[in-house]
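**Student:** predicted model follows, preceded by the sequence.
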Amino acid sequence: YHRTAVPGATVSKGNRVSLAVCSSDTASGSMFIQNKKAVHRLIWPETESPQYLMADCFMPEYIGKIKPRCEFKGWIFFSDQCDADEKMMLYIWKQNIKRLHLKQSAQTIWDWSVEYAKKLYTHDGEINAFNIGFRWDGNEWVKREEMKYEIGWCGQNASLAVSFLYDYQMNGNKDSLKKGLAVLDWWTQKARSKEGLLLTRYDPEDSLIDACNLGTAGCQLIEAYEQCERIGVRRTQYLTAALEICDFAMAHQRLDGGIAMSWNRDGSVHTLEGTAGAFLILPLVKAFEKTHKEKYNIAAVRAYSYYFREFKNCGYGTSGALDTCCIDKESVIPLLKGGIMLYEATGFERYLKMAQKAAWYLSTWQWHQSVVYPSDSILGKMGYDTFGGTAVSTSHHHIDPFALCYVEDLKKLAIFTKNTQWESRAFAIWYNASQGISDGTLMIGETGVRPRGSCDEGILHTRWGNNGNYFGVSQWLVAWPCAFRLEVLRKLDNWNWLNGEEQEAWL
């Protein structure tokens with residue numbers, strides 16, 4: 001039940017009908033095929049059998065204990081529209097939604113996040129970049145020594161730099177302006193391959209150029225250009241670099257609309273398949289909106305059609321979490337974002353419907369319940385609430401705050417569809433991700449005081465990652481949660497909503 005987004009949930013779909021089953025409490029779900037039909041089961045007490053998945057291996061079965069009882073409750077959802085999973089998630093979400101109390105205000109989170117980002121900022125020779133994060137070396141928190149600089153994904157250099165431009169506009173902080181421009185100038189001018197291609201990871205020297213990072217970079221560079229115009233700074237090279245990314249994507253786009261997922265530094269294709277190629281849809285739409293050149297719109301539409309068709313046929317997305325190649329959450333994020341962007345750009349309702357399908361898929365990764373952890377575990381001591389959090393992938397079984405990057409999109413979806421469920425899910429993401437941010441005195445486990453504004457990448461909400469020491473944290477203070485919190489804050493100007501003052505709309 002703590003390994004699944006809905007307790008003990010299983011779903012089966014045929015050509016015309018679908019069925020979903022879930023538990024009211026701490027059961028496990030099971031499903032197998034018998035006589036070409038799906039058999040759903042709920043199992044008490046909690047069971048993981050014949051083995052359970054760890055980070056790098058399988059472990060022997062786990063069978064829990066419960067007090068003897070005669071009554072057990074679960075739900076069965078049936079649909080002749082093949083959407084029993086959506087019916088289940090909507091029902092359980094409405095059943096478990098509650099008033100959520102944030103521990104820090106939006107202003108505090110902004111201030112602490114900027115402070116932590118400045119600790120990550122590194123000037124090393126000609127390099128101006130944000131280090132990817134702090135790790136505990138046994139004595140102190142130190143910046144990571146390898147794979148240090150990345151423009152998107154985990155490093156989020158472009159996003160952090162853009163937030164610094166906003167910090168200058170909001171607070172007049174000239175140091176933020178200086179550092180933000182230095183990072184963006186370095187990535188666009190100096191962080192290039194021998195062939196002149198924009199890099200997405202600066203080190204090591206054989207690292208790939210990938211669609212996930214490129215898509216993020218293109219969007220952030222266009223926003224950087226626009227923000228520079230607002231504050232009276234001339235940086236046309238940011239727009240030029242963003243369009244360079246779009247032209248690169250178009251040059252590699254196939255006749256079927258697909259692009260690719262990664263390239264070698266000379267521009268040759270490394271990995272052709274993977275839903276993560278959809279991240280390049282996003283800068284293409286932004287380039288169309290900025291330049292009004294139809295070529296970018298055509299490329300975006302062709303790519304969206306290809307990747308959404310792939311998603312619809314498979315029922316999942318793959319490889320957005322770049323350190324593994326499996327079914328995941330992140331790869332379908334651009335189908336939500338891209339659908340909303342294309343709806344805004346074209347007005348065609350079909351894109352809104354496709355965006356909503358992507359949102360339902362992302363909801364299958366979002367925790368609909370608050371798991372009660374042992375009082376002697378790290379998560380128990382933290383008082384961590386799983387509600388609203390999202391898991392990473394079928395391989396990486398931990399909750400992380402990556403869903404922060406589509407909070408704005410769910411809010412837009414709520415407005416466009418007049419369905420407040422999406423707004424409540426967006427706020428639950430923000431609430432979940434606001435937990436565990438260090439105030440400068442926080443210590444978790446056998447480490448020292450964490451830098452203010454930092455937080456863990458991973459919440460180990462199930463038996464994964466720590467053999468025999470379950471329900472803990474990753475102890476990896478990576479850059480991207482800080483970057484995404486700042487991104488939400490700069491995109492949503494209603495900080496009263498982020499402070500939780502407007503929850504009555506969906507409670």
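**Tutor:** Looks like it arrived, so ask away. Numbers count the residues shown, from 1 in each chain.

**Student:** check which helix or strand A55 maps to.
**Tutor:** Assigned by DSSP states H and E, A55 belongs to no helix or strand.

**Student:** list phi and psi for D385.
**Tutor:** phi -110, psi 120 (degrees, to the nearest 10).

**Student:** the closest residue to it other than its chain neighbours: what secondary structure?
**Tutor:** Leaving aside its sequence neighbours, D385 sits nearest to S370 (CB to CB, 6 or more residues apart in numbering; 5.2 Å). Heads up, the C-betas are built off the backbone N, CA and C, glycines and all. Assigned with DSSP: H, G, I helix; E, B strand; the rest coil, S370 falls in the coil class.

**Student:** surely Q475 and D456 touch.
**Tutor:** Yes: applying CB atoms under 8 Å as the test, Q475 and D456 come out as touching, 6.9 Å apart.

**Student:** which one's more surrounded, the two?
**Tutor:** More neighbours surround D456 than the other of Q475 and D456, with 27 against 18 (other CB atoms under 10 Å).

**Student:** now that one: how far from S438?
**Tutor:** 10 Å (CB to CB, to the nearest Å).

**Student:** E61 too?
**Tutor:** E61 sits 37 Å away from S438, going by CB to CB.

**Student:** am I right that F427 sits in a helix?
**Tutor:** Yes: the assignment for F427, made by three-state DSSP, places it in a helix.

**Student:** OK, contacts around it?
**Tutor:** F427 sits next to 100, 388, 497, 500, 503, 506 when contact means CB atoms under 8 Å, 6 or more residues apart in numbering.

**Student:** next step: the residues you listed restricted to helices.
**Tutor:** If you go by DSSP state H, the contacts of F427 have W497 in helices.

**Student:** which of the contacts of F427 sit farthest apart?
**Tutor:** G388 and W497 (14.9 Å; CB to CB).

**Student:** looking at these two, which one has more neighbours?
**Tutor:** G388 (26 against 18).

**Student:** my guess is the more buried one contacts Q366. True?
**Tutor:** Yes: contact criterion CB under 8 Å: G388 and Q366 qualify, at 6.6 Å.

**Student:** mutual contacts of those two, please.
**Tutor:** Common neighbours of G388 and Q366 (CB under 8 Å, 6+ apart) are 425, 428-429.

**Student:** any idea which of these is closest to Q227?
**Tutor:** Of all the shared contacts of G388 and Q366, Q227 sits closest to I429, with 24.4 Å by CB to CB.

**Student:** distance of the closest one from F387?
**Tutor:** For I429, the distance to F387 (CB to CB) stands at 10 Å.

**Student:** name the helix or strand for the closest residue to G453 other than its chain neighbours, please.
**Tutor:** Distances taken as CB to CB, 6+ apart place Y116 nearest to G453, at 3.0 Å, with adjacent residues excluded. Of the helices and strands defined by DSSP H and E, Y116 is found in helix 106-120.

**Student:** restricting to C-alpha, output that helix in PDB.
**Tutor:** This file holds the C-alpha atoms of helix 106-120, laid out as PDB (Å, rounded to 0.1, in the frame of the first residue of the first chain):
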ATOM      1  CA  ALA A 106       6.000  31.400  -0.200                       C
ATOM      2  CA  GLN A 107       8.200  34.400   0.600                       C
ATOM      3  CA  THR A 108      10.300  32.300   3.000                       C
ATOM      4  CA  ILE A 109      10.700  29.600   0.400                       C
ATOM      5  CA  TRP A 110      11.800  32.100  -2.200                       C
ATOM      6  CA  ASP A 111      14.400  33.700   0.100                       C
ATOM      7  CA  TRP A 112      15.800  30.300   1.300                       C
ATOM      8  CA  SER A 113      15.900  28.900  -2.200                       C
ATOM      9  CA  VAL A 114      17.900  31.900  -3.600                       C
ATOM     10  CA  GLU A 115      20.200  31.500  -0.600                       C
ATOM     11  CA  TYR A 116      20.900  27.800  -1.400                       C
ATOM     12  CA  ALA A 117      21.300  28.500  -5.100                       C
ATOM     13  CA  LYS A 118      24.000  31.000  -4.300                       C
ATOM     14  CA  LYS A 119      25.800  28.300  -2.300                       C
ATOM     15  CA  LEU A 120      25.700  26.100  -5.400                       C
END
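
**Student:** can you name the next helix or strand after that helix?
**Tutor:** From helix 106-120, the next helix or strand downstream (DSSP H and E) is strand 121-124.

**Student:** tell me the centre residue of this protein?
**Tutor:** F402 (2.6 Å; CA atoms, centre = their mean).

**Student:** since that was my last question, I'll sign off now.
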